[in-house]
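In: the following block contains a protein sequence and its predicted model.
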Amino acid sequence: MAIAPKTGSLVQAVWNGVVVAESDETIVVEGNHYFPANALKKEFFQPSTTTTTCNAKGQARYYHIEVEGKKNTDAAWFYANPKESAKRIAGYVAFWKGVKVG
């Protein structure tokens, strides 16, 4: 599993035309930008009960994103207690399901 250093340039996560997270301290893992938890605009995030397991990183938990009445189910994920090889992204959040990151 390749973990790149922190990016150092501002990266935004946008869904439904709204910036839901932004940071200049994302960590890129397997092509995904992981944002520090304090980069999330918390008003758009709702906890999900969904979990999945990655052999390399451990158990992922999810957030729903809701913007202007539209909900994107399980569109963000994080590893609260990742395996040793992924400890650097503990608590960092990544996106998919149409969330544009760049």
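Out: Yes, it's here. Numbering: from 1, shown residues only.
In: what is the host helix or strand of Glu66 packed up against?
Out: In the assignment (DSSP states H and E), Glu66 maps to strand 58-67. In terms of contacts (3 or more C-beta pairs under 8 Å, 6 or more residues apart in numbering; DSSP states H and E), strand 58-67 is packed against strand 18-23, strand 45-54, strand 70-78. In short, each C-beta sits where N, CA and C put it, glycine included.
In: out of those strands, deepest packed?
Out: Mean neighbours per residue, mean count of other C-beta atoms under 10 Å, is largest over the helices and strands packed on strand 58-67 for strand 18-23, with a mean of 20.
In: and the contacts of it?
Out: Residues outside strand 18-23 that contact it (C-beta atoms under 8 Å, 6 or more residues apart in numbering): 10-14, 35-36, 39-41, 44-45, 65, 67-68, 93, 95, 99.
In: which is the next helix or strand following that strand?
Out: strand 27-29.
In: what about whichever helix or strand comes after that next one, distance to the chain center?
Out: Next along the chain after strand 27-29, taking DSSP H and E as the criterion, comes strand 32-34. Put simply, strand 32-34 sits 6 Å off its chain's centre (C-alpha atoms, centre = their mean, to the nearest Å).
In: partner strands of strand 32-34 and their direction?
Out: Strand pairing for strand 32-34, determined by DSSP bridges: strand 27-29 (antiparallel).
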